[in-house]
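Chemist: Attaching a predicted model along with its sequence, questions to come.
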Amino acid sequence: MLFILTFFVAHSSAWSKPKEKKQPQVDLTASVATLTTSKMSADHDSPWFITPEDSVQGLATYLGNNLFLTTSSLAARATQITLKMQDGSPKFSATPAHIDIERGVAILKVENVPLSAAPVNLDGDVKEGTEASYYVRKFKSTQITRFSGRIFDVITQRAPGGLSFLPFYLVKSQSKYSGRGEPVFANNQLIGLTIGLDDDSMMVIPSRLIKECLNQYQRKQPPTISRLGITYHGLQSLHHRNFLKVPPSAEGVVVDRILDKSVPFKKDDVLTKVGNYSIDTDGNIQHPEWGSIHFSSFVVAHDIQEKISVEVFRQAEKITFETPLVNVDPDQYLIPSLLQAIEVPHYIFAGLVLRNLDLQYLEGFGRDWFKRAPAHFLKIWFYNNDFDGSKKRVVILQRVLPDAINFGFETEENLILNKVNNETCDNLQECVKLIRKSAEDKKEFTNLKFYDGSEFVARNQDAASAERRIRKLYQIPETAE
Amino acid sequence: MLRLKILIIFWGWNLFSPDFVLGNALALRRSVFKITTTSNELDFKQPWKFHKQSTGTGTGFYIGNKRIITNAHVVANATFISVQRDGDHRSMPAVIEFIAHDSDLALLNVLDDKYFSGVAPLQFSGIPKLQSPVSAVGYPTGGDQLSVTEGVVSRIGYRTYVHTDSHDHLMIQVSSAINPGNSGGPVFQGRNVVGVAFQTFLRAQNVGYIIPTPIVNRFLNDIADGKYQGHPVLGLTTNRGRMSLPASTRYYGLSGGERGVVVSKVSPRSGASGVIQPGDVLTKISGLDIGVDGRVVFENERVDFESIYDLKLTGDQVQFELLRDRKLREVKVPVLKQSPPLVLGHTYEKHPRYVVIGGYVFTPLSIDYLELFGKDWYQNAPLPLRYLYLNAELDPLFSQKKEIIIMSDRLSHPVNQTIDWRGNHSVLRSLNGQSISELEDLKKFYDENQQEYLQFEFYFQQDALILPFKETKKADSEIAKKYSLGSLFWFSSIYPRG
């Protein structure tokens, strides 16, 4: 597996030392609000529809300055968010101010509500084994309960947005209703936010990454992910070391692709250190608080404006240099995540439902979508889901709405669209432009060519009348497109 | 995925059938044989090995000239074969004279020439009509007596023969119960054989399949020169049904009615390559009109147009009428000897091709290899292999190759012990920068190597496998000895190569 070196900037303070002295436990209940959100979601099967969801419940934690912290899964696509403090005061509304899908974190803003709660403090990093407490909303209640737990592991795991790898604390949950924005405290400081539940383990995103979210919000930056801008693999064997002319005892990872021209890495550089931390052949470093953890977890803790000192072996020579970080917007991936979208961009031409391929469409193939989705889609997701800033997309024929105009083609689905009237198009917008141009130019036909060599032809004159017929038959709103 | 399962034929000799008077029935049943085999299945992970020995039974029938015809899958991988005539207490050793895995047919010879004295050869007729009655004869599992089942012809189609899982031919569906052990037996209409029973569909009742006589006759004609060349592969992918609409016929410039199919892809390994192009509309084959459904009328039935090409012999030519650039034209497609598909179907008889270098085993990707991942391999096999099975012909990175090479295993030796072995079924791209198109390339580049290190690069992964050349060369012989490898490479194939 290739790990893309990602990381998110945040703090130049590198790794802070853990608090040695245990503070007396303070009840932080007053700083935690119950949250109820009404949501809409995209219908990925029939993208012209929007699906209203049941209300979803969770928790939000007061950060001060009328800002609350919760998870992006609760805040994304919300039509209404209601908070209630534990002091008996009335419910009040909040609006999403900053939603970071990749980190799984959202900041909510409250207007014109006097809040007496004390804001929580965000702490630095804590060690595996740290005693912690967390708050969980009681089932179907606006009350919360405090539980005690322990951070039993610190791992590097795929981010909630699915596009990068981040560090997470794991805490055993004592409630099956956790995983929805529960704050986790140690020494009366907020050390993390629960963004999900995996079996009985709460996935807690560390406060360091939450702080970065806050920084980006305060700087009015969109949520971004920064990286080293390379891919790499382990230094696998003695032969490999000899081949690359590094000492037999050298440990580290081998750079195999440079994803951004601005970084000074070269192919076959052996990356042996980031900061002051030596990297082993599995890509792990010995972090002072988190123990053995993947070095990407170190990288994500740095701000995009920082540079990171690295040590590499290049052509048998050990060199040290500083490398800038590369800012990558999740939207730049070939297959993006539309977790936040209510409406799925799509276009219906002669009954052919065209759209960009996105993560949510893949997930629509079921819990084990990574096995069940079409192999030609999965191959792109796992092996070619690159980012290059070009906003290229994979345009697909999702399915066909059968009609006389597409007779003979009505059973086709999940094809990749390559060309419209023999012109290549790299995203839905471009393809739609070419389809429309075909009619505007008074061409008699529009021809769509797909990756498997199949093609679809429609007379533009017929397509216009077919559109009205199809919209009526399949009850597609005029505005949907 | 719908799967046809091999096994076959029917039993239950109906002596009261109006088509069989007692004397004729007795004469015919003397021409049917029970076939017993001992076989060793091939190992596709460690291709120089066999799996454990097993025995099986099937059916065959006498066609004259001291030959018994049966299914290839009855005798595939057999190390010993014996045949037993109905009503005879003796079994007789037999050998394979010809075997056609692509059409699941085989001819056996019995070592004793006198064994067939008094045995009448069965006669073939043509394709039976839909709904006409048929009787299938054979030795299904569960008894030693000949049995007959009756049914009717329910469909004639062009479908995959599961013995290789990679060849499509004409087949006839019949409505008879099918049991294991019947494979290779005759299916009668009256006194004539109209097909060879060979596979069934496990998900449905009363669905059995027989190999029709045009396929059998083609096999017999193919071997007339003493060697079997195999069915040709037309290698065209077509979009069917597109000509159903006036808009399409107008777009492609087809006047005078709807007909034909649009070509979407031409395999570079086929006879059609260079003659037929993507975008051509095929309107006729051998003078027969191709419908919008891709079918032609053949022996009074509508069958896929590929059936016509499929029945030709190597060296023949097949005339197509096609529309290109809105003009009708005629082209002749040569019938070439069969070349192996990019991802092999099931193979038999010969060990899978392989090369062992430094303990690493390289072998071509095949359905047999994919099936190492269990019956749900199409979900559980590694994604790159599943992707290649479905898309290799469409992907320009792979479509021009002759085969897809997989690193299937590692035989431990000090030369490779410091390398992590992840058993990841890596897809080989190149050796020291030289692209690998077939297994022979790998051996050649290895033998000719002048570099200090061997750098194996793979698709779908960035990390290369590095081996020191001199140490690896030295290790090879030690590995061959340690693991009892007869050879460090094996290039023989059931397909003609080159």
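Modeler: Structure received. Numbering: from 1, shown residues only, chains lettered A, B, ... in the order given.

Chemist: ranges for the helices of the stretch 101-250 of chain B?
Modeler: B:213-222, B:246-252 (DSSP state H, counting those that start in this stretch).

Chemist: what's the longest one in contact with?
Modeler: Counting by Cβ atoms under 8 Å, 6 or more residues apart in numbering or on different chains, the neighbours of helix B:213-222 from elsewhere in the structure are B:63, B:69, B:98, B:100, B:103, B:105, B:124-127, B:169-171, B:193-196, B:228-231, B:299, B:311, B:313-314. (Each C-beta comes from the backbone N, C-alpha and C, glycine too.)

Chemist: Quick one: mean pLDDT for it?
Modeler: For helix B:213-222, mean pLDDT is 96.

Chemist: Can you give me the buried ones in that helix?
Modeler: Using 16 or more other Cβ atoms under 10 Å in any protein chain shown as the test for burial, helix B:213-222 gives B:213-216, B:218-220, B:222.

Chemist: again with the last one
Modeler: By neighbour count with 16+ other Cβ under 10 Å, helix B:246-252 contains the buried residues B:247-249, B:251-252.

Chemist: A:Val253 and A:Tyr232 touch, don't they?
Modeler: Yes - contact criterion Cβ atoms under 8 Å: A:Val253 and A:Tyr232 qualify, at 4.2 Å.

Chemist: what's the overlap in contacts for these two?
Modeler: Common contact partners of A:Val253 and A:Tyr232 (Cβ under 8 Å, 6+ apart): A:271, A:283.

Chemist: Show me which residues of the stretch 101-250 of chain B sit near chain A.
Modeler: Within the stretch 101-250 of chain B, the positions adjacent to chain A are B:237, B:239-245, B:247-248, B:250 by Cβ under 8 Å from any Cβ of the partner chain.

Chemist: bridging residues for A:Leu122?
Modeler: For A:Leu122, the beta-bridge partners are A:Leu190 (DSSP bridges).

Chemist: got the buried residues of helix B:213-222 as JSON lines, with distance to A:Leu28 columns?
Modeler: Shown next, in JSON lines, are the buried residues of helix B:213-222 (distance: Cβ to Cβ, whole Å):
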{"residue": "B:Thr213", "distance to A:Leu28": "85"}
{"residue": "B:Pro214", "distance to A:Leu28": "83"}
{"residue": "B:Ile215", "distance to A:Leu28": "79"}
{"residue": "B:Val216", "distance to A:Leu28": "84"}
{"residue": "B:Arg218", "distance to A:Leu28": "83"}
{"residue": "B:Phe219", "distance to A:Leu28": "82"}
{"residue": "B:Leu220", "distance to A:Leu28": "88"}
{"residue": "B:Asp222", "distance to A:Leu28": "84"}
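
Chemist: Nearest to chain A among the residues of the stretch 101-250 of chain B next to chain A?
Modeler: Lowest distance from chain A to these (Cβ to the nearest Cβ) belongs to B:Gly241, with 3.2 Å.

Chemist: Leaving out the residues flanking it, which one is nearest to A:Glu131?
Modeler: Counting by Cβ to Cβ, 6 or more residues apart in numbering or on different chains, A:Glu131 lies nearest to A:Arg150, which is 5.6 Å off, once chain neighbours are set aside.

Chemist: Mind listing the residues bridging to the nearest residue to B:Val75 once chain neighbours are set aside?
Modeler: Excluding the flanking residues, the one nearest B:Val75 by Cβ to Cβ, 6+ apart is B:Ala106, at 5.2 Å. Applying DSSP bridges to B:Ala106 gives these bridge partners: B:Thr70, B:Ile99.

Chemist: B:Ala106: what's it in contact with?
Modeler: B:69-72, B:74-75, B:96, B:98-100, B:184.

Chemist: and what of B:Phe320?
Modeler: For B:Phe320, the contacting residues are B:276, B:282, B:284-285, B:330-333, by Cβ under 8 Å, 6+ apart.

Chemist: Make sure I have this right: it is in a helix.
Modeler: No - according to DSSP: H, G, I helix; E, B strand; the rest coil, B:Phe320 belongs to no helix; its state is strand.

Chemist: Which pLDDT value goes with it?
Modeler: Looking at B:Phe320, its pLDDT is 97.

Chemist: quick one: it from B:Lys332, how far?
Modeler: Applying Cβ to Cβ, to the nearest Å, the value for B:Phe320 to B:Lys332 is 8 Å.

Chemist: all strands of the stretch 151-300 of chain B, in order?
Modeler: For the stretch 151-300 of chain B, the strands defined by DSSP state E, counting those that start in this stretch cover B:167-174, B:186-189, B:192-200, B:208-212, B:236-239, B:261-266, B:281-285, B:288-289, B:295-298.

Chemist: just so I know, which of these lies nearest A:Arg208?
Modeler: Smallest distance to A:Arg208 across these (Cβ to Cβ): 52.5 Å, for strand B:261-266.

Chemist: Figure out how far that closest one is from the centre of its chain.
Modeler: With Cα atoms, centre = their mean, to the nearest Å as the basis, strand B:261-266 stands 23 Å off its chain's centre.

Chemist: For that strand, name the packing helices and strands.
Modeler: strand B:236-239, strand B:281-285 (3 or more Cβ pairs under 8 Å, 6 or more residues apart in numbering or on different chains; DSSP states H and E).

Chemist: partner residues bridging A:Thr70?
Modeler: Beta-bridge partners, per DSSP bridges, of A:Thr70: A:Ala106.

Chemist: host element of whichever residue of the stretch 101-250 of chain A sits closest to chain B?
Modeler: Per Cβ to the nearest Cβ, A:His233 is where the stretch 101-250 of chain A lies closest to chain B, at 3.6 Å. Assessed by DSSP states H and E, A:His233 sits inside strand A:225-234.

Chemist: anything in the next helix-or-strand element following that strand sitting right up against chain B?
Modeler: Going down the chain from strand A:225-234, the next helix or strand is helix A:238-244, by DSSP H and E. Yes - if you take Cβ under 8 Å from any Cβ as the test, helix A:238-244 does meet chain B, through A:238-240, A:242-243.

Chemist: which residues touch A:Met40?
Modeler: A:50-53, A:77, A:79, A:342.

Chemist: of those, closest to chain B?
Modeler: Out of these, the member with the shortest distance to chain B (by Cβ to the nearest Cβ) is A:Thr51, at 28.1 Å.
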